[in-house]
Structures are given as structure tokens and as C-alpha cells.
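Colleague: structure for this input, please:
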Amino acid sequence: MKILNASRMRQADLECIQSGISADTLMENAGKQVALEVRKIPGEVFNKNIIVLAGPGNNGGDGLVAARYLDGWEAKVHLFLPGERSENDPNLKLVNQSRILVYKSIDQLGNLLRDADIVIDALFGTGSNRPIEGVYKEALAKVTEAKQKHYRFKVVAIDLPSGMNADSGYCDPSCLKADYTVTLGYPKIGLFTGKGPEKTGTVIVADIGIPDYMVRDVKLELLTGKWAKDALPERPLNANKGTFGKVLTVAGSVNYSGAAYLACSGAMRAGAGLVTLAVPVNLQPVLAGKLNEVTYLPLSESVKGVVSGEASFIVLSSLHEYTTLLIGCGLGQHDMTVSFTKGILFGNKPIMPLVIDADALNVLAKTNDWWQKLMMDAILTPHPGEMSRLTGIKIEEIQSNRIDTAMLFAQKWGKTVVLKGAYTVIASADGRCRVSPFANPGMASAGTGDVLAGIIAGLTAQGLDNFNAACLGVWLHGQAGEIVKAELGDTGMLAGDLLQVVPKAIKKLKES
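Modeller: Modelled structure (predicted):
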């Protein structure tokens, strides 16, 4: 599914109208879809108190249509209309002919919020870039104040929370924090970058009737279950372990043995046929007690539990036996480890998928023009801190412009970049970019990145190209997180919890 900026969305709307689908039809479709999504939140809207904050433009028009449908389903709909709309507005006329009660006073809004079940934010949408002022600012402040008092209502934003920039994710100080955002036609870039993820809540994409061919040229996409299902590697009945590839995982050190366990397990759970762990020799017995299905490549040590620089030759001489190389999880930053990692990254090796994570990324960050020395294609999986070290850009700047940053450096480096975080961004060297639909605070814990690196490596071993393996890995990782969250909640989730449910995420995809 394509992700659009405000200009491209306006163009799609215009092309749709020029093709014969009227603006009124698009608005009717939008309002109906919003109402349908609102209806799902409580399960049924009969007798529920629903407040619609309607602005002066098209976003307000969408809100009027939604209000009419909800009224038809016997919700108690209250329309807060602080500004002026034309008396000839057909949707306002229909509202005035219904049971919907219309209010204009801020004091009235405050009273309504006490008993509200749902508040629909239809003040300003994609087209608004001005500061929010006057009565609109007061209205949003009143809703925010009520939320802070723990009033029970849910906030549903139409298209974008009012005050959010559709392109940058910048949020006006008055911008509401929504529980759900029903974005119309196609998701907007601002939902996934800058402050957008903090304000959007659950993002729902509503089909309003714009044909997909009108946005074929857009390279930025949102990952979907349909795409992920189509991308799954085949599992032929006559397969053997060689069919599904062999992953060599170079990971672990005396302080971070768990990272090796998580990365190897992630690769196995993603379906790799064989996983071998290259690990300091003294750690091998420790990990063998947990990783029964893994084979081992013991590495010489400089000190106990820390790999020696010369051990890189052991890895390089073994690579011809494997399909994919994963390096970096929990290696540490000992001087000998850095020498070892450089020896592998920049040494002579066969052309094969290469996944670079964690401490191997830190080695790259300390190497001038590393991308000119690492000529083969690779998948880099940085979190914002690692991306900051790789690029020299402050974390705050990266987070305020995640999509453009990932795309810029993927093309500069000639690599696939997986910029982790809420709505993980996956960018390719050829300019393609996809965004994960998942934002799960439960995943913000140690080791989840090691699991992701392992999953991606396991998928490349099964024959997926780097970009698609990275995208599918991110999707499966995110879906596994959703499964765990549904069972345990988003507090106290562990990286190891994901491992058991990765196969469930794959099974769920296949059966969808």
C-alpha cells in the first residue's frame, strides 16, 4: 500500500474527480468508512455518546457524513461546530434534518465530554498547515484537559490528528493525541515520522474509492499482510535442510551471550534449514546448553570469552559452506573484537547475503568511507543510536525525519537499511522504501533487535533478496510482537517471548 505526502494526495483526489468520481462521492465514502471504523471500537454504537468536532473544510465535511451514519445507527451524536460552514453545504443540511444536536459553545463542549464515549476529531486534515488558533485551539485544549482527567472516551482522528503536518509529522502544540487515526485513501508520511507516531494511536487505512493505478509511481509503501503473505518463501514437500539455506551467525561475547542465542533462534524460527554459531570457544559449552539445534564454529580467544583478531580467518575460510552471514549481535567492542570484525567485513569472501547488526555496525561507524570498502550488498539493521553513529546526525534529527534519512543513506551506501523503532523503515539502494505498520512499546526491550536480525538472516537463506527479506522480517517480527502483546500486554515483554510465536505469525499469514 502506497504512502503519500499531502501534495500527492491532492493530486490523487483531483485525478479521481477528473475520472468521473465526484468530490461529493469521495466525501460520502470517507465519512461512511470513518463511521464504520468508529462502530467497531465499542462493538456497537447504540445509545453511545459520540461527539464530532467538525472544522470548516473537507475534514469537517467528512465528520458531518460520519455523524449522519452514526445517528442512523442510533448513537447519541453531538456535533460541535465552532466555526461557520456554508448554509448550502448539503451535508450540514442533512445533519440539521436529523436528530443530531449541534453546539457552538466551548462550555457546552466541556459538559458533553463528561459523558462522552467517543470523540471524533474532524477539525483539520491533510490540507491544513497553519497554526491552530482561536476557538479551535480552545476546543482541542478542552478535549486534552478532559483526557488528562481520565475521562473514559476514545479519540478518533479523521485522516490526521488536527494540527499534524502530513509530510513531516510536525505537531502543533494543540494537536490531540488520538487513540485511533482513520486515514483516508492512503496513509500519509507524517503518521510515521517526526512526532507523528506519538499522536496517531492505531492507524487504520480507509478505502474511499481512489484506484491504485493513480498512485503507481509512488515508491514509498506501507507493509501489509497481503504483501507479506505473497512474499513468504515456498516450503516444498520434498525439501531437505539444504533447501532452506544455511546461516552462519557470528555473535556473542562474555557479556552478551544471550544475543547469540536470540539471533540464532530467530533465524531458526524464520525457517532456515541450518544455523551455525561462530562464538568464542569458552562460550560454546554455555550456549550449547540452550541451543540444541545449532551447530558450532568455535573461535580462538584473545582473553576468555572474547574473540581474537586472527579468528576472522576461521570464519572466512568456512563461508563457502553457508548461504548467509549474520554478524554483530553481542560481539562487544574489545580491541581484538574490532580487529576480528573488520577482518570479516572487509576480507575476501564469497558473494552472499550479509546481515550487519549491533557491534558490527559500530565497527562500520568508526571506519572512514566504510561503504567503499564493503563493496558487496548488505542489510544494515541500526536502531536510532547506531544510525546516529553511522551518519554523524543527531538522534533527534533522525527521528524527526526517519523516512528521508533511511532512504538517503541506503542510496549513498548502496545497502539495504532497516531503521528500527516505531514504524520501522526499510529502504533499498535503488530508492524503494517500505514502512512497518507496527508500533509496540513492548518491543522496546533488550534483545528484540537480535531476534529481528536472525529472522532477516533466516529469510535471506531461503532465497529472498535483501530488500524483501528485510521487509518480511520486519513484518513477521512486528506481528509476533502483536501476538505477544495480545496475551501479555505491552509491559514486561521479553525478546525471548517473540521466538515461540514467530512460527505462529507465519502460520497466521498462510491461513489468512
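
Colleague: after the longest helix belonging to the chain, which helix or strand is next?
Modeller: The longest helix of the chain (DSSP state H) is helix 466-488. Sequence-wise, the next helix or strand downstream of helix 466-488 (DSSP states H and E) is helix 495-511.

Colleague: if we can go back for a sec, buried stuff in the longest helix of the chain?
Modeller: 466-485 (16 or more other CB atoms under 10 Å). Every C-beta, even on glycine, is put in place using the N, C-alpha and C of the backbone.

Colleague: okay, domains of the protein per the record?
Modeller: Listed domain ranges for the chain are 6-217, 227-231+238-511 (source: automatic domain parsing).

Colleague: let's have those in CSV, adding mean pLDDT.
Modeller: As requested, the domains of the chain are exported to CSV (pLDDT from 0 to 100):
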stretch, mean pLDDT
domain 6-217, 94
domain 227-231+238-511, 97
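
Colleague: quick one, helices of the stretch 51-200 of the chain?
Modeller: Per DSSP state H, counting those that start in this stretch, the stretch 51-200 of the chain carries helices over the ranges 58-72, 90-96, 106-113, 134-148, 196-199.

Colleague: and those: which comes nearest residue 390?
Modeller: Closest of the helices of the stretch 51-200 of the chain to residue 390 is helix 196-199, at 21.7 Å (criterion: CB to CB).

Colleague: what residues does the closest one touch?
Modeller: The contact list for helix 196-199 (CB atoms under 8 Å, 6 or more residues apart in numbering) reads 161, 164, 169, 171, 175-178, 190-191, 422-423, 439.

Colleague: surely residue 485 meets residue 442?
Modeller: Yes: between residue 485 and residue 442 there is a contact at 5.2 Å, judged by CB atoms under 8 Å.

Colleague: shared neighbours, the two?
Modeller: In terms of CB under 8 Å, 6+ apart, residue 485 and residue 442 are both contacted by the residues residue 493.

Colleague: for the residue nearest to the spatial centre of the chain, give its distance to residue 191.
Modeller: Centrality entry for the chain: nearest residue to the mean C-alpha point is residue 423, 2.0 Å, by CA atoms, centre = their mean. Separation of residue 423 from residue 191 (CB to CB, to the nearest Å) stands at 8 Å.

Colleague: do residue 376 as well
Modeller: Using CB to CB, which is the criterion applied here, residue 376 is 35 Å from residue 191.

Colleague: of these two, who's got more company?
Modeller: Counted by other CB atoms under 10 Å, residue 376 and residue 191 do not tie: residue 191 has more neighbours, with 27 against 14.

Colleague: so the residue nearest to the centre of the chain belongs to a helix, correct?
Modeller: No: per DSSP: H, G, I helix; E, B strand; the rest coil, residue 423 lies outside any helix segment and is coil.

Colleague: so it makes contact with residue 433?
Modeller: No: assessed by CB under 8 Å, residue 423 is found out of contact with residue 433, at 11.9 Å.

Colleague: spatially nearest residue to residue 129, not counting backbone neighbours?
Modeller: Beyond its immediate neighbours in the sequence, the residue positioned closest to residue 129 (CB to CB, 6 or more residues apart in numbering) is residue 165, lying 6.4 Å away.

Colleague: actually residue 137, sorry about that
Modeller: Nearest non-adjacent residue to residue 137, counting by CB to CB, 6+ apart: residue 174, 4.9 Å away.
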